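Undergrad: The following comprises the amino acid sequence and a computationally predicted model.
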Amino acid sequence: MTITIVVMAIITLSLIILSLTFYKKRQISRTEMTTLNEEKKMYEIICKESNDAMLVIDIVNGNIITANNSSADMLGYTLDELMELSVFQLYPKEYLEESSKRIAEVWENKGMVFQDLPLLTKRGDELSVESSGKVLEVGDRPTIVLYSRDITERLKMEKEIRDQKEEIEEKNKDITDSINYAKRIQQSMLVKPDEVSKCIPDSFILFMPKDIVSGDFYFFAETDDDIVIAAVDCTGHGVPGSMMSMLGNEILNRTVIEQGITEPGKVLRKLHEGIRVTLKQDKKDVTAKDGMDIALCTINKETKDLYYSGAHNPLYIVNNNRDELVTVLKAERYGIGGEVMGDGQKRVYETHKISRQEGDGYYICSDGFQDQFGGPRDKKFSPRRMRDIMLNSTKIMMKEQKSVFKKEITDWMIHPEIEEAAATEQTDDILMIGFRL
């Protein structure tokens, strides 16, 4: 009897445990179903409310299985009408073959993005769209979900940008052509370096404009008794600087060649007066304060005597018998033209006679060389480095020195010692003249 009661108790307990387990499993299943239903509803809301059109397409026959409201709004159909259509009916007839290929490519690649196939609205209008196709299995039915976005406005904006770009490029070409023509005019006023070499055989001119045209220029003229050579640095660079350079060159030609004035100090005084009169800087309330800096040398053909005068720009002298230093003959501390203060209109530019020795080297330049940024720390080249080149090059011919100067300043800009470093843009026009007598 006792054994029977124990057995019955065990069976009863087992049934209770099984019942609880089954109930728990039912609870889990219901929870999972609730979660799935919520996710399904959320997905349906997202698809329904999406701004992009969404079509679910049967890959076998191309029929539209379902669509969202944005599809109907974009194409002008009702949802019921869309459900009666094949996706191929939404493409213009001339794109029918291409659309079939594209749907096949989407299926083969498990998805892709394309925007070369327009959709056809109910009214028959072609609509530019960007489409993204994704492969999805709904039950046992292979489908493609096609998302499409109206890009009509975007393409319109892109076309406007292209048209504006083409217009800007055309105008830029016209401006560049005009500046290139101005370059030819500016170059025609400069004496060719070969002509300078005929009069001063051991010489060089390093001329590196920052832009197509330059605010720096060199001047060279020969009279019966003298040779005049100058390095001139006008206000600014590019087109404004080039206009000043042509004005300065014209005044120098008139002074030296027509009037026969070759004494450096007097030439600079004439240049100063000419700039101020031409730009009406001697009048009140004039905003044109442009001017120039200059280093000018005159060489007597017979005696080889050398004379110098400068406005801001000095004369560098490398003595052939003293390699330890470069003599810097300082210029006046005021420029040519521009704004003057007090008695500035009575500026005096002193003429210096140079005590010359056989083999001495002479250099005149603008500030573009020494002020060029670059090197490992992106600093100015500096007058000291420039003088070091002069000292280290004293034993070689001037034409070879030109290559040395050019290589040094080019390397300073591109700093080849630093791998993958970006080159530094040229800061200003560069002009360097060197000669021996």
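TA: That came in fine, so what should we check first?

Undergrad: where does the stretch 51-200 of the chain have low pLDDT?
TA: Where the stretch 51-200 of the chain drops to pLDDT under 70, the residues are 138-139.

Undergrad: Helices of that one, residue ranges please.
TA: Secondary structure of the stretch 51-200 of the chain (DSSP state H, counting those that start in this stretch): helices at 69-75, 79-83, 96-109, 152-189, 193-199.

Undergrad: Not counting its own residues, what contacts the second one?
TA: The contact list for helix 79-83, computed with CB atoms under 8 Å, 6 or more residues apart in numbering, reads 55, 64-67, 69, 71-72, 75, 122. In this view, the C-beta of every residue, glycine as well, is placed from N, C-alpha and C.

Undergrad: With the last one instead?
TA: Counting by CB under 8 Å, 6+ apart, the neighbours of helix 193-199 from elsewhere in the structure are 203-205, 220, 222, 227, 229.

Undergrad: same for the helix or strand that that helix is followed by, what does it pack against?
TA: Next along the chain after helix 193-199, taking DSSP states H and E as the criterion, comes strand 203-208. The helices and strands touching strand 203-208, judged by 3 or more CB pairs under 8 Å, 6 or more residues apart in numbering; DSSP states H and E, are helix 193-199, strand 216-222, helix 398-414, strand 430-436.

Undergrad: Comparing these, which comes out most buried?
TA: Comparing the helices and strands packed on strand 203-208 by mean neighbour count (mean count of other CB atoms under 10 Å), strand 430-436 ranks first with a mean of 25.

Undergrad: Which residue, neighbours along the chain excluded, lies closest to Gln115?
TA: Ranked by CB to CB, 6 or more residues apart in numbering and with sequence neighbours excluded, the top spatial neighbour of Gln115 is Glu130, at 4.1 Å.

Undergrad: Now that the one you found has come up, it's in contact with Leu117, right?
TA: No - the criterion here is CB atoms under 8 Å, and Glu130 misses it with Leu117 at 10.0 Å.

Undergrad: average pLDDT across stretch 316-328?
TA: Stretch 316-328 shows a mean pLDDT of 80 in the predicted model.

Undergrad: For Glu130 and Leu117, indicate the residue with more neighbours.
TA: For Glu130 versus Leu117, neighbours defined as other CB atoms under 10 Å are more numerous around Leu117 (20 against 17).

Undergrad: Would you confirm that the more buried one contacts Tyr91?
TA: Yes - using CB under 8 Å, Leu117 is in contact with Tyr91, at 6.2 Å.

Undergrad: quick one: common contacting residues for those two?
TA: 98-99.

Undergrad: what's the domain layout of the chain?
TA: Here the domain parsing of the chain from automatic domain parsing is 41-154, 191-436.

Undergrad: So which of these is nearest Lys173?
TA: With CB to CB as the measure, domain 191-436 is the member of those nearest Lys173 (13.0 Å).

Undergrad: what's Lys330 in contact with, if anything?
TA: Per CB under 8 Å, 6+ apart, neighbours of Lys330: 310, 314.

Undergrad: just the domains of the chain: most buried one?
TA: Mean neighbour counts for the domains of the chain (mean count of other CB under 10 Å) peak at domain 191-436, with a mean of 18.

Undergrad: now the strands for the stretch 201-350 of the chain?
TA: All strands of the stretch 201-350 of the chain, identified by DSSP state E, counting those that start in this stretch, fall at 203-208, 216-222, 226-234, 291-300, 306-311, 315-318, 327-329, 336-337.

Undergrad: Give me the distance from the first one to the chain's centre.
TA: A distance of 28 Å separates the centroid of the chain from that of strand 203-208, by CA atoms, centre = their mean, to the nearest Å.

Undergrad: Likewise for the longest one?
TA: Relative to the chain's own centre, strand 291-300 is displaced by 36 Å; criterion: CA atoms, centre = their mean.

Undergrad: And it, what does it pack against?
TA: strand 226-234, helix 238-253, helix 264-278, strand 306-311, strand 336-337, strand 361-365.

Undergrad: Let's test this: mean pLDDT of the first one, rounded?
TA: For strand 226-234, mean pLDDT is 94.

Undergrad: What angle do strand 216-222 and that strand make with each other?
TA: For strand 226-234 against strand 216-222, the angle by axes from the mean of the first three to the mean of the last three CA atoms, to 10 degrees is 170 degrees.

Undergrad: again with the last one
TA: Comparing the axes of strand 361-365 and strand 216-222 via the same axes, to 10 degrees yields an angle of 130 degrees.

Undergrad: who touches the very next helix or strand once past strand 361-365?
TA: Past strand 361-365, further along toward the C-terminus, the next helix or strand under DSSP H and E is strand 373-374. Here strand 373-374 makes contact (CB under 8 Å, 6+ apart) with 379-381, 412-415, 424, 427.

Undergrad: can we see that at 10 Å?
TA: Strand 373-374 has contacts (CB atoms under 10 Å, 6 or more residues apart in numbering) with 379-381, 409-415, 421, 423-428.
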